[in-house]
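>>> show me the folded form of this:
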Amino acid sequence: MVADVSADHRFALISVAGVGGLHVERRVRAVTELAIACILGEPKLVPSGAARRFPSAPISGGIRYFAPSGLRRLRLLSGMVRANRPWRLVTGLSKVLVGAFATGAIALATSTIWLFADTMGPWRTGAATVLSIVAMVLWLILDHGLWERPDSPEARDRSVLYNTATVVTLAIGVVVLHVALFCLVLLTAWLTLRPEVLARTLGHDVNFSDYLTLAWLLASIATIGGALGSGLEDDAAVKDAAYGVRQRQRLEEAEHPSNNEAG
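Just a heads-up that it's a prediction; the model follows:
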C-alpha cells in the first residue's frame, strides 16, 4: 500500500517507504497528485500514467493505492532501508569509529601485518573483508538487541521484513565504515610508513599498490576493532544511528506498551 485516500474527510495518508528507495520525490509527487484528484473528484488532474503505475481499490469512503505489481516487497524494503539512512551509521557511532581506527593504527605498526598483506593475495584479503563486515553486523544486532522476535504467527511476516531491513541497513552502514577506515588507514600508512622501511621487511621494492593492499587488510582488522568498540555505545545511540525516526518510535512503543496505553 502506498496511500489511503478518504474523499469523505478530504484526507490522504501516503507511505513514503512504500514507493521504494529510488526516485522517491517523483513517485511521492505522483501519488500526491492522485490523492488530490480523488479528493477533489477531478479525473483530469491525474498525472499521465500514474493511475496505471499505481493500481487502486475502493475502500469505505475513499480509495487505496498500491505499489506497481511485481517486486512490491523488495520496493518496500528498499524504501525502509532508505528511510533508515544507513550512511549515517559512521557519524552516529563515534566510539565505533575511534575504536576501529585505533585498532588499525596499532596493527599498522606491526611488521607481521605487512608480511600478511604482501602474501595473502586478493582472494584471502577479500574473504577477510567479508568476514569482518559480517562479524560487525552480527555483533551490533546481538549486543544491542536489534533482532525483532514475533510475538504471534500473524506478526511473523512483518518481523521478517523489519529484520531484513535492519540487516541491510547495518550492512550498508558497515561497508561505508569500512571504506572510511580504508581511506584513513591508507593516508596514515602513506604519511608514517616510509617505503624503504616497508621494502626492507618485504624484501622487494614497494609501490603504491603495496600500500593499497596493506590498507585493505588493516581496514578489515580495524572493522573487527570497531565491533568491539560498539560495545561501548549504549543501545539508544546505536538505534539512533541505525534507524529512522518512525522505526525508533515503533521500537519504543513495543518496548513500553504500558506507557503507550497510558498516553
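
>>> C-alpha only now, for contacts and for neighbours.
OK.

>>> which residues touch the most centrally placed residue in the chain?
Central residue of the chain (C-alpha atoms, centre = their mean): residue 169, 2.1 Å from the mean position. Neighbouring residues of residue 169 by C-alpha atoms under 8 Å, 6 or more residues apart in numbering: 81, 84-86, 242.

>>> redo that, cut-off 10 Å
Applying C-alpha atoms under 10 Å, 6 or more residues apart in numbering to residue 169 gives the contacts 78, 80-87, 89, 137, 163, 242-243.

>>> next: residue 208.
Applying C-alpha under 10 Å, 6+ apart, the residues contacting residue 208 are 186, 190, 195, 214.

>>> how close does the first one sit to residue 226?
Distance of residue 186 to residue 226, computed by C-alpha to C-alpha, to the nearest Å: 17 Å.

>>> so which of those two has more stuff around it?
residue 226 (30 against 21; other C-alpha atoms under 10 Å).

>>> does anything pack onto the one helix or strand residue 125 maps to? Which helices or strands?
For residue 125, the host element (DSSP states H and E) is helix 111-143. Packing partners of helix 111-143 (3 or more C-alpha pairs under 10 Å, 6 or more residues apart in numbering; DSSP states H and E): helix 94-108, helix 156-192, helix 195-202, helix 208-230, helix 235-242.

>>> report the angle between the fourth one and helix 94-108.
Put plainly, it is helix 208-230. Angle, helix 208-230 to helix 94-108, by axes from the mean of the first three to the mean of the last three C-alpha atoms, to 10 degrees: 140 degrees.

>>> cool, and the last one?
With the same axes, to 10 degrees as the criterion, the two stretches helix 235-242 and helix 94-108 enclose an angle of 80 degrees.
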